[in-house]
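S.K.: Structure, please.
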Amino acid sequence: MTDPSFDIVDIGARLGVPATALRPYGRDKAKLELAALGPLAERGALVLVSGITPTAAGEGKTTTAIGLADGLTRLGRRAAVVLREPSLGPIFGQKGGGTGFGRSRLVPTADINLHFTGDFHAIASAHNLLAALIDNHLHHGLTPTLDPERITWKRTMDMNDRALRQLEVGRGKGNGPVRAGGFDITAASEIMAILALSDGPDDLRARLGRIVIGRTVDGRAATAADVGAVGSMMALLRDAMLPNLVATHEGTPAIVHCGPFANIAHGTASVVAMKAGLHLAEVSVVECGFGFDLGGEKFFDLVARGGPLSPAAVVIIASLRALRLHGGVAPDRVATPDLAAVQAGLPNLLRHLDNARLFGRPVVIALNAFAGDSAEEVAAVRAAVTAADAGFAVIDAPARGADGGVELAQLVLDTLAAHPKAAAGTVYPADASLRTKLELVATKIYRATQVVLSDEATAQLADLEAAGWGHLPVCMAKTPASFTDDPTRPGAPDGHTLTVRRFELAAGAGFIVALCGAIVRMPGLPKQPRAFDIDLVDGEIVGVG
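M.R.: Predicted coordinates:
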């Protein structure tokens, strides 16, 4: 499908953004010069789009967020959709592009999926500059004296590459001390999280300086400031600090910035992008990654924390193919109608609904339509949602564009009108211990009965508490395919044990990562990666969107 052509100045004007506040990258995308907009006031309503436990292909949160924003625009509201930037890992891996599909997608599609305005490159460069300065510090024996055995800062790249997870660096004469190293994917970089959570240059600088890269020989936490990295990282991130403006296929403004994954990071667009959306639009539609147990919980507990980014409403997106999977159908049969399987899979949807309600904001359910969905299956989902006293709408935006999003848009507007804006709740109080925070997320959100720590995690937890990091929130790194830490257990299991393998401190981002089960921060490619289907034909990129 050919991308429609929009002049980015015209798209900005739809939000009241003057041309002087845009730094164009060609005709169809631009950076938003936030300083030119004046102080960002949270004037609009934030609608958070999350989902049920997804299949490997995803259930359409991005297409739903775009379709909802298009539907709101069709109903005469000044709307914007706020999304993360796509990572090359999923694009060339299993999931594919991250810009939506059909008539419910961002444009220019290929440009946004591949390189965009260079933000990921800047983030990876800043991350790897810090890594290089750490090894240079070790090589020259600079002060403070770093312990090469306790360096925790890895390198990063924006690609799925399992061969780089564990490496040995410094081998060979004159190359510094030999030590363990490795790579994380850029979406899991702490600098990605820092950029996404910072509310301006001063906050960004302070957070970069607080990054803990390891320990000194006397056991003190060593930071990015200790190795002189902060100024150069700021220089590399100068343009990446600014959110990007593009359009949807239907011409609705889209603010796209940063791209942390929700299974191994916090999973939503940048704070400055969301604040810009609230400043410029009546309704800002914000997508968070994977199911509500990951992206949704982290949005409330890590990003909003009862502050100005508290959602005015939550949309949980479901699909019949995901419900069939949770009802026991094999993954290669999820496209075939099966009423019994849909009914058996409904507990997964209802659990996500219950979880979202824990945070005190109104929740509605959207069913993302796919070809082959049966009327009987749709009716069964509608009946279950209605019985749970939640609003329900079907969305078909990829096929019908804005028209396919109007039903959900009207439901959201009715919900906003019936519920005044208010501060959202959290799963755990800020002053709870790290162990308590873990247990509350595990028991309230995942329905586990207990949390078990490995010996390594037990020692790390004691060390983190003793060093004064216990006040930080916890960011769960867990499979998105299950409420458990076992990706082979779909549905709505309860009574399980959550195993925390290890902890990683992200002092600059302001949270502690708890790695559960077999989750890793550098994914691998599948046997048949999407890379096999991508090509350049007559100057046009194909197979990405």
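S.K.: Neighbours of residue 149, how many?
M.R.: Close neighbours of residue 149, defined as other Cβ atoms under 10 Å, add up to 11. Quick note: C-beta positions are derived from backbone N, CA and C, even for glycine.
S.K.: pLDDT wise, what is it at?
M.R.: As summarised for this prediction, residue 149 has a pLDDT of 96.
S.K.: Thought residue 181 was touching it, still the case?
M.R.: No - if you go by Cβ atoms under 8 Å, residue 149 and residue 181 don't touch, sitting 11.9 Å apart.
S.K.: how distant is the longest helix anywhere in the chain from the center of its chain?
M.R.: Longest helix in the chain by number of residues (criterion: DSSP state H): helix 119-140. From the chain centre to the centre of helix 119-140 is a distance of 24 Å (Cα atoms, centre = their mean, to the nearest Å).
S.K.: So what are the sheet partners of the following helix or strand past that helix and their directions?
M.R.: With elements assigned by DSSP states H and E, the helix or strand that comes after helix 119-140 is strand 155-157. Paired neighbours of strand 155-157 in the sheet (DSSP bridges): strand 183-185 (parallel).
S.K.: List the buried residues in the strand it pairs with.
M.R.: Within strand 183-185, the residues scored as buried using 16 or more other Cβ atoms under 10 Å are 183, 184, 185.
S.K.: ok, those vs residue 10, which is closest?
M.R.: residue 185 (35.4 Å; Cβ to Cβ).
S.K.: so who does that closest one touch?
M.R.: Neighbour list for residue 185: 87, 89, 156, 157, 158, 159, 160, 261, 264, 521, 522, 523 [criterion: Cβ atoms under 8 Å, 6 or more residues apart in numbering].
S.K.: helix, strand or coil for the closest residue to residue 390 other than its chain neighbours?
M.R.: Leaving aside its chain neighbours, residue 390 sits nearest to residue 365 (5.4 Å; criterion: Cβ to Cβ, 6 or more residues apart in numbering). Secondary structure, DSSP: H, G, I helix; E, B strand; the rest coil: residue 365 is strand.
S.K.: pLDDT value on residue 365, please?
M.R.: 99.
S.K.: Can you tell me who it pairs with across the strands?
M.R.: Applying DSSP bridges, one finds that residue 365 bridges with residue 316, residue 392.
S.K.: and the gap between the closest residue to residue 149 other than its chain neighbours and residue 164?
M.R.: Spatial nearest neighbour of residue 149, chain neighbours left out: residue 179 (6.7 Å); criterion: Cβ to Cβ, 6+ apart. Applying Cβ to Cβ, to the nearest Å, the value for residue 179 to residue 164 is 16 Å.
S.K.: same deal with residue 75?
M.R.: When distance is defined by Cβ to Cβ, residue 75 is 48 Å away from residue 164.
S.K.: Which one of those two is surrounded by more residues?
M.R.: Counted by other Cβ under 10 Å, residue 75 and residue 164 do not tie: residue 164 has more neighbours, with 19 against 16.
S.K.: wait, the more buried one sits on residue 523?
M.R.: No - using Cβ under 8 Å, residue 164 is not in contact with residue 523; the gap is 10.9 Å.
S.K.: which residues are contacting the longest strand along the chain?
M.R.: Assignment by DSSP state E gives strand 496-506 as the longest strand of the chain. For strand 496-506, the surrounding residues in contact (Cβ under 8 Å, 6+ apart) are 152, 190, 193, 212, 438, 442, 446-454, 456-457, 460-461, 464, 469, 475, 483-486, 489, 512-519.
S.K.: ok, now with 6 Å
M.R.: For strand 496-506, contacts defined as Cβ atoms under 6 Å, 6 or more residues apart in numbering pick out 190, 212, 442, 448, 450-454, 456-457, 460, 484-485, 512-516.
S.K.: hmm, back to that, now that we have the contacts of residue 185, which one has the most neighbours?
M.R.: Among those, residue 156 has the most neighbours (other Cβ under 10 Å), with 29 neighbours.
S.K.: how about the helix or strand of the chain with the lowest mean pLDDT: buried residues?
M.R.: The least trusted helix or strand in the chain, going by mean pLDDT, DSSP states H and E, turns out to be helix 34-37, with a mean of 89. The neighbour-count check on helix 34-37 (16+ other Cβ under 10 Å) flags 34, 37 as buried.
S.K.: I would like the residues contacting it, please.
M.R.: Counting by Cβ under 6 Å, 6+ apart, 20, 21 sit against helix 34-37.
S.K.: Moving C-terminal from that helix, which element do we reach first?
M.R.: Downstream of helix 34-37, the next assigned helix or strand under DSSP H and E is strand 45-51.
S.K.: Would you mark the buried spots in the longest strand of the chain?
M.R.: For strand 496-506, by 16+ other Cβ under 10 Å, it's 496, 498, 499, 500, 501, 502, 503, 504, 505, 506.
S.K.: will you turn those into TSV that also has distance to residue 138 and pLDDT?
M.R.: Compiled in TSV, the buried residues of strand 496-506 are given as follows (distance: Cβ to Cβ, whole Å; pLDDT from 0 to 100):
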residue	distance to residue 138	pLDDT
496	43	97
498	36	98
499	34	97
500	30	98
501	27	97
502	23	96
503	24	97
504	21	95
505	20	97
506	22	97
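S.K.: which one of these sits closest to residue 125?
M.R.: For the buried residues of strand 496-506, the nearest to residue 125 is residue 506 (19.1 Å; Cβ to Cβ).
S.K.: In contact with the residue nearest to residue 390, which residues?
M.R.: 316, 385, 390, 392.
S.K.: which SS state does the second one fall under?
M.R.: It refers to residue 385. Secondary structure assignment for residue 385 (three-state DSSP): helix.
S.K.: Contact partners for it?
M.R.: 365, 392.
S.K.: again, only using 10 Å
M.R.: With contact set as Cβ atoms under 10 Å, 6 or more residues apart in numbering, residue 385 has these partners: 316, 318, 346, 349-350, 353, 364-367, 391-393.
S.K.: can you redo the buried residues of strand 496-506 as JSON lines with distance to residue 311?
M.R.: JSON lines is the format used below for the buried residues of strand 496-506 (distance: Cβ to Cβ, whole Å):
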{"residue": "496", "distance to residue 311": "29"}
{"residue": "498", "distance to residue 311": "26"}
{"residue": "499", "distance to residue 311": "31"}
{"residue": "500", "distance to residue 311": "28"}
{"residue": "501", "distance to residue 311": "31"}
{"residue": "502", "distance to residue 311": "32"}
{"residue": "503", "distance to residue 311": "28"}
{"residue": "504", "distance to residue 311": "28"}
{"residue": "505", "distance to residue 311": "28"}
{"residue": "506", "distance to residue 311": "24"}
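S.K.: can you give me phi and psi for the spatially most distant residue from the centre of the chain?
M.R.: Distance from the centre of the chain peaks at residue 173, with 41.7 Å (Cα atoms, centre = their mean). Listed backbone geometry of residue 173 is phi -60, psi 130, with angles given as degrees, to the nearest 10.
S.K.: Next one: it from residue 139, what distance?
M.R.: Per Cβ to Cβ, residue 173 is found 12 Å from residue 139.
S.K.: Then residue 419?
M.R.: 59 Å.
S.K.: What of residue 179?
M.R.: As judged by Cβ to Cβ, residue 179 and residue 139 stand 11 Å apart.
S.K.: Common neighbours of those two, please.
M.R.: residue 170.
S.K.: wait, what's in contact with residue 222?
M.R.: 134, 137, 144-147, 150-153, 211-216.
S.K.: try residue 57
M.R.: Counting by Cβ under 10 Å, 6+ apart, residue 57 has contacts 94, 95, 96, 319, 321, 322, 331, 334.
S.K.: which SS state does it fall under?
M.R.: Of the three states, residue 57 takes coil under three-state DSSP.
S.K.: Next, give phi and psi for it.
M.R.: According to degrees, to the nearest 10, residue 57 has phi -80, psi -10.
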